[in-house]
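K.L.:
Fold the following and give me the result.
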Amino acid sequence: MSHWGMFSAESVAGEVTAVHPYEGDSNPSPMLGNLAGSVRSRSRVTGPAVRRGWLENGPGPSDRRGADEFVSVTWDELTELLARELRRVVDTHGNNAIFGGSYGWASAGRFHHAQSQVHRFLNQLGGYTKSVHSYSLGATGVIMPRVVGTHWKLFARSTSWDVIAKHSDLLVSFGGVPIKNTGVNAGGTSGHPTLGALDAFRARGGKIVSFSPLRDDVEGDCEWIAPVPGTDVAIMLAVAFVLASEGLHDREFLNRFCVGYERFEDYLLGRADGVPKDPRWAQEISGVPAEFVTDLARRMASGRTLVTVTWSLQRIKHGEQAPWMGVTLAAMLGQFGLPGGGFGHGYGSMNEPGLAPVPYPLPTFSQGVNPVSDFIPVAAISDLLLSPGEEFDYDGRRLTYPDIRLVYWAGGNPFHHHQDLPRLRRAFARPDTIVVHDPYWTPMARSADIVVPSTTSLERNDLSCTRNDPLLVAMQQVVPPFANSRDDYDTFADLASALGFGEQFTEGRSSQEWIEHLYDQWRPFVDADGGNTPTFEDFWSDGHYRMRTEDNLVLFGDFREDPEKYPLSTPSGKIEIFSETIESFGYADCAGHPRWYEPDEWLGGPRASQYPLHLIANQPKTRLHSQLDHGDVSQASKIKGREPIRMHPDAAAARGVSAGDVVRVFNDRGACLAGVIVDSDLRSDVVQLSTGAWYDPLDPADPDSLCVHGNPNVLTPDIGTSSLSHGCTGQHVLVQIEKFEGVLPPVKAFDPPVLGSR
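P.N.:
Numbering: from 1, shown residues only. Predicted coordinates:
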């Protein structure tokens, strides 16, 4: 099992040579094709390595990270060095001086899950400074519990695709329903039903309206509306204006199930600020014709309508507003909790929304309790490292960045997720020590002082399952561990032993014994529900076990049926269109109800005169984030070795650029190279460059160096969504493009660094 789907594999001489998708998967992900050849890739870390400058000069800040050579060491030497450094940092600076970043998808396995392993280890060491929420959902992770009392239920217990296909008349999707993103699910997936569900929905007569600068954010028939990027909230406000001014909103629902609508309506109709948020107002901002918005509002009120907002819409400045406004718009229609109506967040963002959940806890390797209370929003890494002692606002609290001396990272690549990579590189120069566990020489591993070679999921046994898939899967080892790599569990077991808590960490179990233990802990939950789980031996032989799922779910259906018996977990127990709590925080960038805030990076602002193209840095079709960028599927998409950038024919012609050319994409933060695809299925002033190309600076010693491979995060601003959540804003950025002239520099991202002798 992988994040891309369930599969079987063939291998020869320690390498995976072919993968075959699960026969029950109706639409398997092409990203499975990246697995063949991945075990013995030239990018693999072959053994423990230490940066020469750290080894010779000792711990301390260094601007040589990412440019220095490495020295091979033995496992015993690595364990001794790392244990000594961890003890020094804890004894001298305290446990909150350790940042246990470790953000990323890592393995789909329940036991060999990198973040669980490292966090369990650090907790037993005495704790660490942690991060909260995710780059994908940093804004909604904070705003949605304030508005509807939950976050995870919006995905794990969303209205199912079967219900939508059967009951919805109109799907109004802000950000589309990008099928490419449904190829993946954290923890694995055995089926990809979204495309089939949309086909069934259309066959019954359902219609889709997609607001997106990219036509292919919906595959197949739809009404494609391409607004100025970042103006979705203005469009939603205009739709709401028509509903309110024409009496098409459901007053009874708003009175019984919501609080604060009147405060919002004062803003909406202009009574509060003298500016009615009508379709003409929205047209000036978004470019969407007022007549279309007016007609759409009437259509939405005339049938069963589902309002959906993709995760991408909250990865911009003021990202809290789009999902909050989507909830408000759906509430005005009065269809919350009705089959096929209401609100959805994340359809097309991952292969989870719309899928039936299992009603059981999942097998889990316990991380224990973190005694350290310090934390940061996940997208504030550079702020944390560069600004020790500085205070910041977060969700109504005033917090302080601790002084980080050691960064411990396992299972992720922040050079994919994080913004403004030149700034991130300067931030990573500040700690005394950076430790990275990774199977590959990713940009994060190259920036480390101590590199620990991990196995991949193909080289070990594990269990895999997720909360919205019926199969518990036996992930059986395909090939032996590569070179001198080792399971993270064994690395941490040795470290824990050297630091005096080995028995506490392992509880006397080997990896295989832990896998059997997790299975045995899980079985009683299923059997109590009428299941008949096999012994572990039989399960391992069968390869998977099918669980019961909760089918035909309707999000907030119980709340709609009886709001007194099933209240939301908000202060009022209702949908909070106006939040007294948020209003009390006094944030200038996030008031007590959804509203339009002008973005920093948009075509209607002053920066557009210098950088007139709006770049969408979305998720790639050919890989999961930056994982296996060296794989066959990802590499086949490159143009002259560079990440492809899509340009409208008009934008390309105006710059003398043709398909297949390499261009320099730049702004005042940085620059990268990319290979051109000319495509009319996007706005003429929009370009699209996916995230995840491994960062490859022309001069590894210069943080401001050109990325020759095409990583858009050398361009994106490192600012949070608002004082409320500090979510990631890396989806949108303004740029200029010019044809690259001269000799193309080679792409070296997948070459291992120099390994010198001691």
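
K.L.:
May I ask which helix or strand encompasses V451?
P.N.:
strand 450-453 (DSSP states H and E).

K.L.:
pLDDT (mean, whole number) over that strand?
P.N.:
For strand 450-453, mean pLDDT is 98.

K.L.:
Touching the helix or strand just after it from outside, list them.
P.N.:
Using DSSP H and E, the helix or strand that directly follows strand 450-453 along the chain is strand 462-464. Counting by CB atoms under 8 Å, 6 or more residues apart in numbering, strand 462-464 makes contact with 1, 107-112, 187-188, 363, 472-475, 515, 518-519, all of which sit outside it. The C-beta positions use only the backbone N, C-alpha and C, and glycine is treated the same way.

K.L.:
For the stretch 551-700 of the chain, which segments count as strands?
P.N.:
Listed from the start of the chain, the stretch 551-700 of the chain has strands (DSSP state E, counting those that start in this stretch) covering 575-576, 613-616, 644-647, 662-666, 671-678, 686-689.

K.L.:
Can you tell me the strand partners of the last one and which way each runs?
P.N.:
Strands that pair with strand 686-689, judged by DSSP bridges, come out as strand 613-616 (parallel), strand 644-647 (antiparallel).

K.L.:
now, which of the contacts of strand 462-464 lie within helices?
P.N.:
Mapping these onto helices (DSSP state H) picks out I515, L518, Y519.

K.L.:
Spatially nearest residue to the last one (excluding sequence neighbours)?
P.N.:
This points to Y519. Spatially, and ignoring its direct neighbours in sequence, Y519 is nearest to F536 (5.0 Å; CB to CB, 6 or more residues apart in numbering).

K.L.:
Determine the longest helix present in this structure.
P.N.:
What stands out as the longest helix in the chain, according to DSSP H, is helix 75-93.

K.L.:
can you map out the helices along the stretch 151-300 of the chain?
P.N.:
Ranges of helices in the stretch 151-300 of the chain, per DSSP state H, counting those that start in this stretch, are 153-156, 161-167, 194-203, 232-245, 251-257, 261-268, 279-286, 290-302.

K.L.:
actually the stretch 1-150 of the chain, not the one I typed
P.N.:
Secondary structure of the stretch 1-150 of the chain (DSSP H, counting those that start in this stretch): helices at 52-57, 75-93, 114-125, 140-148.

K.L.:
Turn the ones you listed into CSV, columns for distance to D169, mean neighbour count and mean pLDDT.
P.N.:
CSV is the format used below for the helices of the stretch 1-150 of the chain (distance: least, CB to CB, whole Å; neighbours: other CB atoms under 10 Å; pLDDT from 0 to 100):
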stretch, distance to D169, mean neighbour count, mean pLDDT
helix 52-57, 62, 17, 97
helix 75-93, 59, 17, 98
helix 114-125, 42, 23, 96
helix 140-148, 23, 24, 98
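
K.L.:
Quick one, which of those gets closest to S38.
P.N.:
S38 lies closest to helix 114-125 among the helices of the stretch 1-150 of the chain, at 16.6 Å (CB to CB).

K.L.:
roughly how far is that closest one from the heart of the chain?
P.N.:
21 Å (CA atoms, centre = their mean, to the nearest Å).

K.L.:
Now do that helix and helix 75-93, the angle between them.
P.N.:
Between the axes of helix 114-125 and helix 75-93, defined by axes from the mean of the first three to the mean of the last three CA atoms, to 10 degrees, the angle is 60 degrees.

K.L.:
Look up the closest residue to S168, ignoring the ones flanking it.
P.N.:
Among residues not flanking S168 along the chain, G340 sits closest, at 3.7 Å (CB to CB, 6+ apart).

K.L.:
so which of the strands of the stretch 551-700 of the chain comes closest to S212?
P.N.:
strand 613-616 (9.0 Å).

K.L.:
so how far is the closest one from its chain's centroid?
P.N.:
20 Å.

K.L.:
What is the burial count for R655?
P.N.:
Using other CB atoms under 10 Å, R655 has 17 neighbouring residues.

K.L.:
close enough to count as contact, it and E738?
P.N.:
Yes: between R655 and E738 a contact is recorded at 6.3 Å, counting by CB atoms under 8 Å.

K.L.:
Overlap of the contact sets of the two?
P.N.:
V663.

K.L.:
thinking again about what came up before, please tabulate the helices of the stretch 1-150 of the chain in a markdown table, including the columns distance to A498.
P.N.:
Output for the helices of the stretch 1-150 of the chain, formatted as a markdown table (distance: least, CB to CB, whole Å):
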| stretch | distance to A498 |
| --- | --- |
| helix 52-57 | 18 |
| helix 75-93 | 4 |
| helix 114-125 | 11 |
| helix 140-148 | 36 |
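
K.L.:
quick one: which of the ones you listed is nearest G411?
P.N.:
Here helix 114-125 is closest among the helices of the stretch 1-150 of the chain (CB to CB), at 2.6 Å.
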